[in-house]
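Peer 1: fold the following and give me the result.
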Amino acid sequence: EMVKLHKTPPNMIELLASAQAAYPTSEESTIDPQSPLPSFLELRFVDDTIKSLQDSILLCFDFLPAASSPTHRLNTRPTSGTIIQAFKNAIINLLQRFKMEIGAMILYRMELECLRRTDATIGEACFSLKRVVGILSSVEQPDVAAGPTTDKKAFQLRPLQESDRIKAAFAAALVYYLKKKLELLYQQQKRREHEEGTTRGGDDNTPTRTFMYRNLFVTLYPYLFMTQEGLQLAYQLGYLFHRTVYTTPMMHILGLVVRRVTSS
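Peer 2: Next up is the predicted model:
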């Protein structure tokens, strides 16, 4: 009786299978395994993977020990311990000061090595994708109605060369560096502007040239950020509705197309 109670009727399994085929999930309806181009959902997964990698690189610098203040007294000869500690403090301060630049160089080296091995960035290689160069060339085709041959535009793909890999890795590191550096600079200038605004007073209220440049940057950065995000959204919508094969403005500038890795 217990077996009969928990036994699923055979027709129930068929009903569940037919219902799943009639109403697929959003992931199943978005991904087309027959298409050589990745779906919009797959590209979103790639973007999340790349952002996680970039955040992990910067997070490594946060685990560095804090630089300790010198403890030697005046008119005393420095010992080997104080010299080593001063050298450690100089290295830590250097890494903390230029962590954006060092992180960009590390990202460039990692992406270039992955591109040389798989023709894809690290995020794209995780989802079996690769990059190719898209070339828009003219092809002569005979026109039966007109008689002579006519030139028609054709989109051709070719494998990456070493120069393409270097440009792709450099562009990935450059975009990452500029976004992080400008965002950090904006936060610092915004905080400094607020501190100077609260302490500024007295008779001398004439703004200096540095203050004017800082105020201009704080004013223009939100519009620059909005323009960059708007272009990114426009390319994503264009790719989603099959209006373009380029996923980002930088990919369009470099002429690179992301596609699936197939046997052909």
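Peer 1: quick one: the helices in the chain?
Peer 2: Assigned by DSSP state H, the chain shows helices spanning 2-6, 10-22, 26-30, 40-62, 80-97, 99-118, 122-125, 162-199, 209-240, 249-254.
Peer 1: out of these, deepest packed?
Peer 2: Among the helices of the chain, ranked by average contacts under mean count of other CB atoms under 10 Å, first place goes to helix 122-125 (a mean of 21). In short, each C-beta sits where N, CA and C put it, glycine included.
Peer 1: check contacts around Tyr176.
Peer 2: Residues in contact with Tyr176 (CB atoms under 8 Å, 6 or more residues apart in numbering) are 54, 103-104, 107.
Peer 1: which of those residues sit farthest apart?
Peer 2: The span of the contacts of Tyr176, defined through CB to CB, is set by Gln54 and Ala104 at 9.5 Å.
Peer 1: can you redo the helices of the chain as a markdown table with distance to Thr262?
Peer 2: Listed next are these as a markdown table, based on distance: least, CB to CB, whole Å:
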| stretch | distance to Thr262 |
| --- | --- |
| helix 2-6 | 44 |
| helix 10-22 | 25 |
| helix 26-30 | 19 |
| helix 40-62 | 14 |
| helix 80-97 | 43 |
| helix 99-118 | 14 |
| helix 122-125 | 14 |
| helix 162-199 | 20 |
| helix 209-240 | 19 |
| helix 249-254 | 20 |
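Peer 1: and Ala154, which of those helices is closest to it?
Peer 2: In terms of CB to CB, the element of the helices of the chain nearest to Ala154 is helix 249-254, at 18.2 Å.
Peer 1: which strands and helices lie in contact with that closest one?
Peer 2: Helix 249-254 is packed against helix 162-199, helix 209-240, with contacts defined by 3 or more CB pairs under 8 Å, 6 or more residues apart in numbering; DSSP states H and E.
Peer 1: list the contacts for the closest residue to Arg116 other than its chain neighbours?
Peer 2: Excluding the flanking residues, the one nearest Arg116 by CB to CB, 6 or more residues apart in numbering is Arg165, at 5.9 Å. The neighbours of Arg165, taking CB under 8 Å, 6+ apart as the test, are 112, 115-116, 119.
Peer 1: again, 7 Å this time
Peer 2: Residues in contact with Arg165 (CB atoms under 7 Å, 6 or more residues apart in numbering) are 112, 115-116.
Peer 1: of those, closest to Ile253?
Peer 2: Nearest to Ile253 among the contacts of Arg165 is Leu115, at 16.8 Å by CB to CB.
Peer 1: was I right about that closest one contacting Ala171?
Peer 2: No. Assessed by CB atoms under 7 Å, Leu115 is found out of contact with Ala171, at 11.1 Å.
Peer 1: and stretch 106-123, average pLDDT?
Peer 2: What stretch 106-123 shows for mean pLDDT is 94.
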